[in-house]
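Trainee: For reference, the sequence and a predicted model appear below.
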Amino acid sequence: MQFAKLRYLIIYLLLVVFLDACKPKDEVFPTISIIQPTIGTIYNVYDTVFVGVEAIDETELQSVNVRLVDANFVSISVTKSVSINASNSEGFAELIITDKQLETGTYHVVATAFDGINESHAYQEIRIFELPQKRRGIYFSTQGQFGQIWILDSLFSAVESWVNPMQDIGKLCVNSRLDRITVVGNISRELQTFDLANTSVLWFDDAVNVGQIQRFTDLLCFENTVYAAFFDKEIRSYSASGALTMNELTGNYRPEVLYADDIFLVAGMTLVGGNTNHIFVFNRLSRVLLWQQQLPMSVKAICKLENDDILLFGNDGNQARVLHYDIGNNAYWEPRQLPAGRILDVVKLESQRFGIAHETGLYSYTYNPNYLNQIGSIQYQDICFDVDYGTLIGATGNTLNEIHTTNGQVLNFVTASDSITSLDIHYTR
């Protein structure tokens, strides 16, 4: 009896396999095409892309969806399902470009049709233009054991208190892409990052645990990374979420100034006890130290020139100097002599032009042709360049000025309650 049951079971399984093998295989892929938008259609960030597709299959479509991707085919939008009209095989969806960090370039609409077994894709090239870099406000800090951060509106007309971080503020930097601000102090131990939308603390690092007078020497926001230079001979970097991504002890060298680009992280250093000055060059992504170079001056500011070339601005005693440093060849030379007196701050303007805040006033320096012009006699302790208005923003004592970069004319000004320690500009991106 048991043998008979087993025989019937085997016969049944063989029959199932035979019938399944006799079924026709679905080897026909769906047909899908994008009928809207047309190739090369131009969009701006925050626009809506209206997508129309035509999809057909000889059996039945299980799903049709569309999305936007970048040049590496990484999605830059949500994926939207498309309902196909049986009468004309067409369907439509709306994709909103919401990522304000997108840069101008070529992107693609991708449409996908799936019949349960086979999947087909269609692609349409479009162009997306990044948001214009418009000034939204100017953030600056004032001196004190518990410094204050203020916001000046985009029209340079109204100032209001923004947040009290409950620490002194040596430097602040604004990340416009992420809409946040990071601060460090001179004697305060904490590095804090705030949300510009609601002043909440997004993350912080109680980074210094030794009893020293000065805590931080520099702060830099580049893309989605925060870099901090420590008085106690250390460089750290943090991700957008506050994760520690670099913790480089610099031995007997104290980092004073930081610079970053797509490839390199450069630090101006001072040999503690030896009184010599140096440049350290790291690979920015791997954090590996590539090389170093001794310099004849202390470095006050580092500005990009072109390609792998940067300009180092600094002081040799009471003499301002500028060096052209070729990162790739680890070599430098001095393109011109600067006026006697110390450099206080330097910022890149447009092309090969730079603004120099000097003890004797404000200068405009053009690298090529090599030309230096004094455009004002006011001494500024901190300056930055406004890429929207094409002006300089400079702090002199407790006054914040907006300055014409050609003739040094003060276009606007506001007065703070105390000496200004740092400033930066918030843009739309």
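Mentor: Yep, that arrived. Numbers count the residues shown, from 1 in each chain.

Trainee: lowest-confidence helix or strand of this protein?
Mentor: Least confident element among the helices and strands of the chain, by mean pLDDT, DSSP states H and E: helix 2-22 (a mean of 50).

Trainee: Quick check: what element follows that helix along the chain?
Mentor: Remark: after helix 2-22, the chain's next helix or strand is strand 31-36, criterion DSSP states H and E.

Trainee: Next, the contact list for Ile66, please.
Mentor: If you look again at residue 66, you'll see it is Val, not Ile. For Val66, the contact set (CB atoms under 8 Å, 6 or more residues apart in numbering) comprises Val51, Val53, Thr79, Lys80, Val82, Ala93, Leu95, Val109, Val110, Ala111, Thr112. To be clear about C-beta, it is placed using only N, CA and C from the backbone, and glycine gets the same treatment.

Trainee: Ramachandran angles for the last one?
Mentor: The phi/psi pair for Thr112 (degrees, to the nearest 10) reads phi -130, psi 130.

Trainee: and what of the fifth one?
Mentor: For Val82, the backbone dihedrals (degrees, to the nearest 10) come out as phi -120, psi 130.

Trainee: dump the residue contacts of it.
Mentor: Listed by CB under 8 Å, 6+ apart, the contact set of Val82 reads Val51, Val53, Ala55, Val64, Asn65, Val66, Gly91, Phe92, Ala93, Ala111.

Trainee: So for it, what's the pLDDT?
Mentor: On pLDDT, Val82 comes in at 96.

Trainee: Give me the nearest residue to it, chain neighbours excluded.
Mentor: What sits nearest to Val82 in space, not counting adjacent residues and going by CB to CB, 6 or more residues apart in numbering, is Gly91, at 3.9 Å.

Trainee: doesn't Phe50 make contact with that neighbour?
Mentor: No - with contact defined as CB atoms under 8 Å, Gly91 does not count as touching Phe50 (11.9 Å).

Trainee: Looking only at neighbour counts, state which of those two leads.
Mentor: Gly91 (20 against 12; other CB atoms under 10 Å).

Trainee: any idea how far Val51 is from that one?
Mentor: In this view, Gly91 and Val51 are 9 Å apart by CB to CB, to the nearest Å.

Trainee: do Gly242 as well
Mentor: 37 Å.

Trainee: what about Ser87, how many residues close to it?
Mentor: 6.

Trainee: so which helix or strand takes in it?
Mentor: Here Ser87 is assigned to no helix or strand, by DSSP H and E.

Trainee: Quick one: residues contacting it.
Mentor: Applying CB under 8 Å, 6+ apart, no residues contact Ser87.
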